[in-house]
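Peer 1: one predicted model, sequence on top.
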Amino acid sequence: MSRKSGIGHEASLKRKAEEKLESYRKKIHMKNQAEEKAAEQFRMRLKNKQDEMKLEGDLRRSQRACQQLDVQKNIQVPREAWYWLRLEEETEEDEEEKEQDEDEYKSEDLSVLEKLQILTSYLREEHLYCIWCGTAYEDKEDLSSNCPGPTSAAHD
């Protein structure tokens, strides 16, 4: 038989097999890390999307509450156009007036979070109302002692 064998040759084969195995383990580890990172990024995007949708929902609830409370106080026009939900059945004339109003104060410059903070602050100051408690308070004292705070997180 002309088989190459011997102590040196077997050690070389064993070393090559161990190197292959180590290389394979590293590849698997890198792949797992990449998958883990991708999954984490996906979870973050999903959470951000959910947070964004929650903020938009809170803003709509605030706008609805603001409109109802303003109307109860006989306020015919919101302090800023975006304080109230827009009615779909507005006439073109109303639209033109709104556009002129918005030229003075661009609501597009504000993020949903900024609008929500401004509007909840207005609701608390003008109407002593908290959208997360769903309560109109008697006075500032009542509001500050019974409402956990001016943010959604304070109510968790």
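Peer 2: Noted; the coordinates are in hand. Residues are numbered from 1 along each chain as shown.
Peer 1: from here on, just use CA atoms for contacts and neighbour counts.
Peer 2: Will do.
Peer 1: pLDDT-wise, which helix or strand of this structure ranks last?
Peer 2: helix 92-104 (a mean of 50; mean pLDDT, DSSP states H and E).
Peer 1: how much space between residue 121 and residue 149?
Peer 2: 11 Å (C-alpha to C-alpha, to the nearest Å).
Peer 1: shaky segments in the chain?
Peer 2: Applying pLDDT under 70 to the chain flags residues 1-5, 87-107.
Peer 1: hmm, back to that, residues of the helix or strand that the least confident helix or strand of the chain is followed by that come out buried?
Peer 2: Proceeding N to C from helix 92-104, the next assigned helix or strand is helix 112-127, under DSSP states H and E. Using 16 or more other C-alpha atoms under 10 Å as the test for burial, helix 112-127 gives 112, 115, 116, 117, 119, 120, 121, 122, 123, 124, 127.
Peer 1: same check on stretch 53-68?
Peer 2: Quick answer for stretch 53-68 (16+ other C-alpha under 10 Å): 55, 56, 58, 59, 60, 61, 62, 63, 64, 65, 66, 67.
Peer 1: got it, and stretch 72-82?
Peer 2: 81, 82.
Peer 1: so how far is it from its chain's centroid?
Peer 2: 27 Å (C-alpha atoms, centre = their mean, to the nearest Å).
Peer 1: next one: stretch 43-52
Peer 2: Its chain's average C-alpha position is 6 Å from that of stretch 43-52, according to C-alpha atoms, centre = their mean.
Peer 1: residue 150 is in contact with residue 130, correct?
Peer 2: Yes - counting by C-alpha atoms under 8 Å, residue 130 touches residue 150, with 7.5 Å between them.
Peer 1: and the gap between residue 32 and residue 26?
Peer 2: With C-alpha to C-alpha as the criterion, residue 32 and residue 26 are 10 Å apart.
Peer 1: for residue 110, same thing?
Peer 2: 48 Å.
Peer 1: again with residue 154
Peer 2: Here the criterion is C-alpha to C-alpha. By it, residue 154 lies 46 Å from residue 26.
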